[in-house]
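*Asks:* Sequence and predicted structure, then a few things I'm wondering about:
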There are 2 protein chains.
Amino acid sequence: MNGGKQELGERSVAQEGGPLAIDYIFHPRSVAIVGPSPQLGLAGMGAAFVLALQDIGFEGGLYPVNPRHENVLGLKCYPSLLDIPGPVDHVIFSVPVRAVLDVVEDCVTKGVKSMHFFTAGFSETGEKEGAELERQMVQRAREAGIRVIGPNCIGLYCPAAKVSFGPGSPKTSGPVAFLSQSGGNAADLLTTASPRGIRFSKIISYGNAADLNECDFLEYLTEDPDTKIIAAYIEGVKDGRRFFRAMRKASARKPVIVLKGGRTESGSRAVFSHTASLAGSQAVFNALVRQVGAVAVDSMEEMVDMLIAFRFIESPPAGRGVGIVGGGGGFSVFAADEVDEAGLTAPALSQRAQEELRRFTPVAGSSVRNPVDTLAVMEPAKLVDTLRIVAAEETVHVILGHTGFGWGPGRVATAMGFDLTKLMEAVVDAMERAREIAKKPIALVVATPPILEPTEHSLRFQELCWRRGFAAFPSIPRAANAIAKMVAWREMREDLSR
Amino acid sequence: MNGGKQELGERSVAQEGGPLAIDYIFHPRSVAIVGPSPQLGLAGMGAAFVLALQDIGFEGGLYPVNPRHENVLGLKCYPSLLDIPGPVDHVIFSVPVRAVLDVVEDCVTKGVKSMHFFTAGFSETGEKEGAELERQMVQRAREAGIRVIGPNCIGLYCPAAKVSFGPGSPKTSGPVAFLSQSGGNAADLLTTASPRGIRFSKIISYGNAADLNECDFLEYLTEDPDTKIIAAYIEGVKDGRRFFRAMRKASARKPVIVLKGGRTESGSRAVFSHTASLAGSQAVFNALVRQVGAVAVDSMEEMVDMLIAFRFIESPPAGRGVGIVGGGGGFSVFAADEVDEAGLTAPALSQRAQEELRRFTPVAGSSVRNPVDTLAVMEPAKLVDTLRIVAAEETVHVILGHTGFGWGPGRVATAMGFDLTKLMEAVVDAMERAREIAKKPIALVVATPPILEPTEHSLRFQELCWRRGFAAFPSIPRAANAIAKMVAWREMREDLSR
């Protein structure tokens, strides 16, 4: 996505002034981590950042700084920032809070461009000292023209620049950006969305938002050409008017999915303890999200589901009719109930479609009404015809196929000597052929019981799906909810653009 | 749980007349499976039943019957039931529907006691022929004194009798019974509840309920001394008055958890296609469940969660105050919101408790208000004190600890060289010590991202938990919902007994 170091440096200079002016913080030429311990463990959490940058293959200078060590994870460790020979663009703080101001002075002297504070113990403690320290730190940084990420956060992930906050993160980029006031949620989204095929342009964990805040990042991501979908976890907003404008602009350009922390009394108290944010009224926040045409979600799971929908369903379904196709009578009953409860419908198929399906669907142990309860998933040639016939119905706007690898086409299939890999590939081939004919979105539900072997099968099948551009969800309610919200989003945007 | 074959035979005779009269169907001395094919595959699903009985170690006579084969899965295969030398107690039908009546005649001649029809294609097809065949089959069975399970179902699982419908099922028994009108749901519950520590007295998949129905089984399980908790998935009820009486009696004796299929218009249509049941009004059903003091759930996931609660939380919490303990600021915010949204509360801890916690909880990156955001889970000695202090609060009635093996005490811990097994054991030891002191229920949330390694860690930790009698849930909303329903159930029972 980007060239050598030289080009990156030029890019940030070229865009000074607009929202993209902060682009350089994602593309540091060199990074110092202050405070890591080679023995790792809890006391030396900073070393995890060294590990993360090594793991993703950061190509610039990488400098651990800690006067008590000579070597950290195979790298020379410097007593202080000032002992590092070359320039340092970005500094990650993992030091006790009392040492912060001294290290900031070193950053100023060294000509550092951005600072990220993993260090916590600032305004979020609720104590006067912490808040005052945060104020002083930001003031000094601003005087020196240094931008601050955090404090109290895990900072930045930008695979194109080979920057990461966690070891084992994907090295490839994608169109999704995530802006998160919680480091745990940032790591969580990366962990849970990656195996489902989501790749990121940037993930930004920004904690207390003492300098750079949700608006700076939102405005940046709106302009960022590498970002096509924006997700945000927000606990509190510093400037309501600016946030409204930023959200409106972002939502007009890209799908924006927002999760608000602190919706209830207990939650609001927790939000203040976490990032010193004032949660504000949930009703006001919801009204704002609706008004700008963004999508509000209530959990990280729902956030991932919406990302899957926007990433892999090429265009939102033209209506709320769902054709449900898969095996299992009880599961079909749930699917029908759950699709209805999500605000979609599973309309009965026309007599003609039912008759067409009956030509190759056995009467015993199946249904052709919708849900179509069929074992066609075990016989992919029949699957193409089934999907084709269901998709041709005028009342059907999206197809929801379902399968699973617990019981049914999992344990029994294995016990019965099916070649599961071949079966999986044949199913995805069939879905692809059906999609070409049907010209309607086909999404998948891959039920994954929390057991090892089925999880392995499910992950494998899921990857086959997303690599061919199919949205896959872990359950009918989650799929139906994501699709329903996507349809509502389309309608809302049509209203807004009228 | 039971002695030799002789004793079982006597047991069923002794209880003739009452609800336990059907006990013998769970303890057949010999089983014939009609219609299996040795090549397995879709056409010979019946062979899966042979495999299941072999796998669980069924000790009686096991007789495949199919004129086209001499051998199935290493067993001699008989041309017809009448060629089997000894007596046959139980017959599993896996034959084409057109062959059913002939095989029933053979069963009558052979003196069979019970028949289970995996075979489908009866009233659930919605065709006159299927309904008429079902009527004839039941009539002939009743004339001959043979009880029928199904048709259109997977039948029985009773580990004490070494009877099972699926290969790979647990061989140990437990206090939970599940009565399911869907075979898929029966297999699903076994698959998903087993790794969470639930073991079963009986699982009964009963399909169209043409002879033995939900009331027969409910009345049986009410009296069954091996069953302490009853779960039921029901699509339709044959006799509303009898069902009400059976439910009332069952709920007075044991916790009863009910999931109704066919709650919506689409779902009701699916229910009819599945088992020819009339779903009836959801409002009426809900009123019935409330009136008898049972617990209604909306999904199989919620069903498992309620089983976990009733099985592993010794007595329902005395109130709705939750003490939330675990690491992660963003996660703590969600936990607080989600606990509130489930109808529980996370009350702020007293000043005294907060001061006590602060003595050993670092100020930076933590909170002692509730949620208690702490890394004490990494330092088990501190964990005992943390749990003890929180549980001592008058406003706290149950503790919800949370941890995870994705990011945080998972990938990073491993990368940092923690011994995860030792850490897990130390955590459960600490929970046990805290429980002894606190005398309040402690439940766990073990977040499991859908990836292989964390799933493996989570399953291992979860097993440690349930083996020591701790309820473990996969997410805060699911834990909070189960606990809230358990509290509501306690209150309802107190009202009913007044």
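*Replies:* Okay, I see it.

*Asks:* Chain B versus the one residue sitting closest to the centre of chain A, what's the distance?
*Replies:* The centroid of chain A falls nearest to A:L189 when counting by CA atoms, centre = their mean (4.7 Å). Distance of A:L189 to chain B, given as CB to the nearest CB, to the nearest Å: 10 Å. The way it works is simple: take the backbone N, C-alpha and C, and place the C-beta from them, glycine included.

*Asks:* so what's that residue up against?
*Replies:* Taking CB atoms under 8 Å, 6 or more residues apart in numbering or on different chains, we find A:L189 in contact with A:178, A:180, A:203, A:231, A:300, A:303-304.

*Asks:* Only the buried subset of the residues you listed, as a ChimeraX command please.
*Replies:* Filtering those down to the buried ones (16 or more other CB atoms under 10 Å in any protein chain shown) takes a single ChimeraX command:
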select /A:178,180,203,231,300,303,304
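
*Asks:* Return the residues of the stretch 101-250 of chain A in contact with chain B.
*Replies:* A:119-121, A:124-125, A:127, A:130, A:152, A:166-168, A:180-185, A:187-188, A:190-192, A:195-196, A:233, A:235 (CB under 8 Å from any CB of the partner chain).

*Asks:* How far off centre is stretch A:120-128?
*Replies:* 28 Å (CA atoms, centre = their mean, to the nearest Å).

*Asks:* picking that back up, looking at the contacts of A:L189, which are in helices?
*Replies:* A:300, A:303-304 (DSSP state H).

*Asks:* where's the dip in pLDDT among the residues you listed?
*Replies:* pLDDT is lowest at A:M300 among these; the value there is 94.

*Asks:* Can you name the residues that contact that one?
*Replies:* Per CB under 8 Å, 6+ apart, neighbours of A:M300: A:185, A:188-189, A:192, A:233, A:259, B:334.

*Asks:* let's see it at 7 Å
*Replies:* Shown in contact with A:M300 (CB atoms under 7 Å, 6 or more residues apart in numbering or on different chains): A:185, A:188-189, A:259.

*Asks:* Show me the shaky parts of chain A.
*Replies:* For chain A, applying pLDDT under 70 flags the ranges A:1-16, A:39-44, A:406-418.

*Asks:* can you pull the buried residues of the longest helix anywhere in chain A?
*Replies:* In chain A, assigned by DSSP H, the helix with the most residues is helix A:476-496. Buried residues in helix A:476-496, counted by 16+ other CB under 10 Å: A:476-487, A:489, A:492.

*Asks:* Check stretch A:153-165 too.
*Replies:* For stretch A:153-165, a neighbour-count test (16+ other CB under 10 Å) marks A:153-165 as buried.

*Asks:* I'd like these as CSV, with secondary structure and distance to A:G319 appended.
*Replies:* Listed next are the buried residues of stretch A:153-165 as CSV, based on DSSP: H, G, I helix; E, B strand; the rest coil; distance: CB to CB, whole Å:
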residue, secondary structure, distance to A:G319
A:C153, coil, 42
A:I154, coil, 42
A:G155, strand, 43
A:L156, strand, 41
A:Y157, strand, 38
A:C158, strand, 39
A:P159, helix, 37
A:A160, helix, 38
A:A161, helix, 42
A:K162, coil, 44
A:V163, strand, 43
A:S164, coil, 41
A:F165, coil, 42
